[in-house]
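Visitor: model the structure of this input:
(chains A and B)
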2 protein chains.
Amino acid sequence: MLEDTLPFWLPRCVDEEHGGFMIARDQDGSLLDTDKGMWQQCRFTWLLATLYNNVEPRDEWLVGARHGIEFISKHGFDADGRMWFHVTREGAPIRKRRYVFTETFGAIAYAACAKAMGDSGMADKARGLHDLARKHFTTPGLIQPKLTGTRPMKSMGGPMMSLVTAQELRACLDDDSFNGDIDACLEEIQSDFMKPDLECVMETVGVNGEVLDHFDGRLLNPGHAIEGAWFVLNEARHRGNDPDLIQMGCQMLDWMWARGWDEEHGGIFYFRDLNNKPVQEYWHDMKFWWVHNEAILA
Amino acid sequence: MLEDTLPFWLPRCVDEEHGGFMIARDQDGSLLDTDKGMWQQCRFTWLLATLYNNVEPRDEWLVGARHGIEFISKHGFDADGRMWFHVTREGAPIRKRRYVFTETFGAIAYAACAKAMGDSGMADKARGLHDLARKHFTTPGLIQPKLTGTRPMKSMGGPMMSLVTAQELRACLDDDSFNGDIDACLEEIQSDFMKPDLECVMETVGVNGEVLDHFDGRLLNPGHAIEGAWFVLNEARHRGNDPDLIQMGCQMLDWMWARGWDEEHGGIFYFRDLNNKPVQEYWHDMKFWWVHNEAILA
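Guide: So this is what the prediction gives:
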């Protein structure tokens, strides 16, 4: 990564004029779009600060992380404390999402910067964003609903993102009080999303973990569940190879590998139906890079 | 269609218990989901009434159309006059969309039923839905925006759907007053979406037809534009082979055929970039059945 990937992006993507990074680039490095996605701004800032914290304290990485967090602080937030999803090159807001994933990436960016720069204000900001996201994931109705209340649902993305965000904040801020959130996320994944009788990890369930026998309720996302297994196994390692967590993570991985692997052409399917029925989404049989990355990491 | 396709659906999909049609079926006819998509309820109802009006007055088609329009009338509408997008088998609302495409399909269902059943109340309902959709397509800000006001945009879908809906209502209700809307739609497509210098039909432009040099602004949808060409050529035929409209429709078709045809593997791409740059959507190079249907019809 340090020799092949990072030199593609640095210093090329740094926007000296308006701040932040211009990341939408073609293979030859030329710019495809000047707009700035806040996920990418947060993740690239987190990456640079994390390299500085964990690999070596190179000045260029610290300068880059500071450059990123300044743009995020200046242009990343709506007046209600929620974050924008997409802004122009200059930072004017284009789009806000109903869901709070941007805020989880904001939390880890601030946490890694807080550690790199020894800045307690950034640590507070990281905690605040994690709390905001956690509250939205766990309070039914707080995220502006896409659906009516007829058939309330919840998704694996909530506990999974809260889990990994809390893990990252615990490490960066050296604060074990995040263990409470981590335990709650593990408990929710195990009790509501893991189904031993069906041998799978559900992507979407009813608010009490019920299996919903409709297109969206039956939809499985093997790569997403395998990503969750990676976070669970990381937690097992953090807790001195906790055998119950190793068992849980490996179970998730085994089930979803069996569900997702394409025996005919190789690779992991994007979506599968719980009962192997047809899937509504037309890209269900595509093979995505991130799915395979997550599987390798797990 | 009458010998192969329709017998798959009739009488199988008729829900005698709760009304409407259960259309989500596997290849063997077994049910995949009991939920009812309002697009499909409206389009199947329209189909049956149109067969009755234009092919022959079979009683089973009239009965089926009446069965459909009763479910739509009972369960299709929110209190504000907008339509639901997706309801349960019993008709409880699951989802409403920001956009008004469901209402255009509602308009043609009511119009075809009005003709088949000689029911002026249904004709009024069809007019009302067309007006509602047209108002939403042409009044900036009336559709709850997905984006901020930073970079306002409009899409080919608006004038295209208004055009074909008005054509259908004119035919069913035998009312040439729809020509005004039809002229306005043709004018908007020609002046704001057709770009002779770029030799293409844009999918999304600024509110005054500006080309927006961003991922979504550069995105071309050849199948969609070819579908539009079909509606324009239908209008040309309706007007006694109007040469200007023939020229317009063929131009749209030729441009987008050149843009969309896959020289290597055949078939029409789903999305292309205006400048042949990479496309953000990952299903851009898939080949869709509807794209090819529309092209054959055009």
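
Visitor: send over stretch A:207-217 as PDB, restricted to the C-alpha atoms.
Guide: Taking Å, rounded to 0.1, in the frame of the first residue of the first chain, the C-alpha atoms of stretch A:207-217 are listed here in PDB:
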ATOM      1  CA  VAL A 207     -37.400  -4.900  15.100                       C
ATOM      2  CA  ASN A 208     -37.300  -7.900  17.300                       C
ATOM      3  CA  GLY A 209     -35.200 -10.100  15.000                       C
ATOM      4  CA  GLU A 210     -38.200 -11.700  13.200                       C
ATOM      5  CA  VAL A 211     -37.500 -13.100   9.700                       C
ATOM      6  CA  LEU A 212     -39.700 -11.200   7.200                       C
ATOM      7  CA  ASP A 213     -40.800 -13.400   4.300                       C
ATOM      8  CA  HIS A 214     -40.700 -10.800   1.600                       C
ATOM      9  CA  PHE A 215     -38.100  -9.800  -1.000                       C
ATOM     10  CA  ASP A 216     -36.200  -7.400   1.300                       C
ATOM     11  CA  GLY A 217     -36.500  -9.600   4.400                       C
END
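
Visitor: which positions within it qualify as buried?
Guide: A:211-212, A:214-217 (16 or more other CB atoms under 10 Å in any protein chain shown). Yep, even glycine has a C-beta here, placed from its N, CA and C like the rest.

Visitor: with respect to residue A:161, which of the residues you listed is nearest?
Guide: residue A:216 (19.0 Å; CB to CB).

Visitor: what is the mean pLDDT for stretch A:103-116?
Guide: For stretch A:103-116, mean pLDDT is 98.

Visitor: got the CA coordinates for that stretch in CSV?
Guide: Once non-C-alpha atoms are left out, stretch A:103-116 reads as follows in CSV (Å, rounded to 0.1, in the frame of the first residue of the first chain):
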residue,chain,number,x,y,z
GLU,A,103,-21.2,10.3,10.9
THR,A,104,-19.5,7.0,11.8
PHE,A,105,-16.7,7.8,9.3
GLY,A,106,-16.6,11.3,10.8
ALA,A,107,-16.2,9.8,14.3
ILE,A,108,-13.1,7.7,13.3
ALA,A,109,-11.5,10.6,11.4
TYR,A,110,-11.8,12.8,14.4
ALA,A,111,-10.6,10.0,16.8
ALA,A,112,-7.5,9.2,14.7
CYS,A,113,-6.7,13.0,14.4
ALA,A,114,-7.2,13.5,18.1
LYS,A,115,-4.6,10.9,18.8
ALA,A,116,-2.2,12.1,16.1
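
Visitor: and that stretch, how far out from the chain middle?
Guide: Put simply, stretch A:103-116 sits 13 Å off its chain's centre (CA atoms, centre = their mean, to the nearest Å).

Visitor: pipe the buried residues of stretch A:207-217 into TSV and attach pLDDT and distance to chain B per row.
Guide: Output for these, formatted as TSV (pLDDT from 0 to 100; distance: CB to the nearest CB, whole Å):
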residue	pLDDT	distance to chain B
A:211	97	14
A:212	95	10
A:214	94	5
A:215	92	5
A:216	91	9
A:217	94	9
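
Visitor: secondary structure for those residues - can I get that in TSV?
Guide: Shown next, in TSV, are the buried residues of stretch A:207-217 (DSSP: H, G, I helix; E, B strand; the rest coil):
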residue	secondary structure
A:211	coil
A:212	coil
A:214	coil
A:215	helix
A:216	helix
A:217	helix
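
Visitor: of those, which pair is most distant in space?
Guide: The most widely separated members of the buried residues of stretch A:207-217, counting by CB to CB, are A:211 and A:215 (13.0 Å).

Visitor: mind listing what residue A:190 touches?
Guide: With contact set as CB atoms under 8 Å, 6 or more residues apart in numbering or on different chains, residue A:190 has these partners: residue A:248.

Visitor: make it 10 Å
Guide: A:159, A:201, A:232, A:244-245, A:248, A:251-252 (CB atoms under 10 Å, 6 or more residues apart in numbering or on different chains).

Visitor: between these, which is closest to residue B:131?
Guide: Checking those against residue B:131 by CB to CB gives residue A:159 as the nearest, at 46.1 Å.

Visitor: can you pull out the helices in chain A?
Guide: Counting by DSSP state H, chain A has helices at residues A:6-9, A:38-54, A:59-75, A:101-117, A:120-138, A:157-173, A:179-188, A:215-218, A:222-238, A:243-260, A:289-297.

Visitor: please identify the most buried of the ones you listed.
Guide: The highest mean neighbour count among these, using mean count of other CB atoms under 10 Å in any protein chain shown, belongs to helix A:101-117: a mean of 26.

Visitor: get me the contact residues on the stretch 51-200 of chain A for chain B.
Guide: Listed as neighbours of chain B in the stretch 51-200 of chain A under the rule CB under 10 Å from any CB of the partner chain: A:78, A:84-88, A:90, A:92-97, A:145-151.

Visitor: try 7 Å
Guide: With CB under 7 Å from any CB of the partner chain as the criterion, the stretch 51-200 of chain A meets chain B at residues A:88, A:92-95, A:146-148, A:150-151.

Visitor: among these, find the lowest-pLDDT one for me.
Guide: residue A:146 (78).

Visitor: ok, now which ones touch it?
Guide: A:98, B:95 (CB atoms under 7 Å, 6 or more residues apart in numbering or on different chains).

Visitor: can you check the pLDDT for the residue nearest to residue A:72 when sequence neighbours are not counted?
Guide: Distances taken as CB to CB, 6 or more residues apart in numbering or on different chains place residue A:41 nearest to residue A:72, at 5.6 Å, with adjacent residues excluded. On pLDDT, residue A:41 comes in at 98.

Visitor: next one: residue A:262
Guide: pLDDT, residue A:262: 87.

Visitor: so it sits right up against residue A:272, yeah?
Guide: No - the pair residue A:262 and residue A:272 does not pass the contact test of CB atoms under 7 Å, sitting 10.0 Å apart.

Visitor: can you pick out the residue with more neighbours from these two?
Guide: residue A:272 (23 against 12; other CB atoms under 10 Å in any protein chain shown).

Visitor: my guess is that one contacts residue A:258. True?
Guide: No - Residue A:272 lies out of contact with residue A:258 (CB under 7 Å); the separation is 10.2 Å.

Visitor: thinking again about what came up before, tabulate the helices of chain A (JSON lines), appending distance to residue B:237.
Guide: Below are the helices of chain A laid out as JSON lines (distance: least, CB to CB, whole Å):
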{"stretch": "helix A:6-9", "distance to residue B:237": "54"}
{"stretch": "helix A:38-54", "distance to residue B:237": "49"}
{"stretch": "helix A:59-75", "distance to residue B:237": "53"}
{"stretch": "helix A:101-117", "distance to residue B:237": "50"}
{"stretch": "helix A:120-138", "distance to residue B:237": "54"}
{"stretch": "helix A:157-173", "distance to residue B:237": "50"}
{"stretch": "helix A:179-188", "distance to residue B:237": "60"}
{"stretch": "helix A:215-218", "distance to residue B:237": "39"}
{"stretch": "helix A:222-238", "distance to residue B:237": "49"}
{"stretch": "helix A:243-260", "distance to residue B:237": "50"}
{"stretch": "helix A:289-297", "distance to residue B:237": "48"}
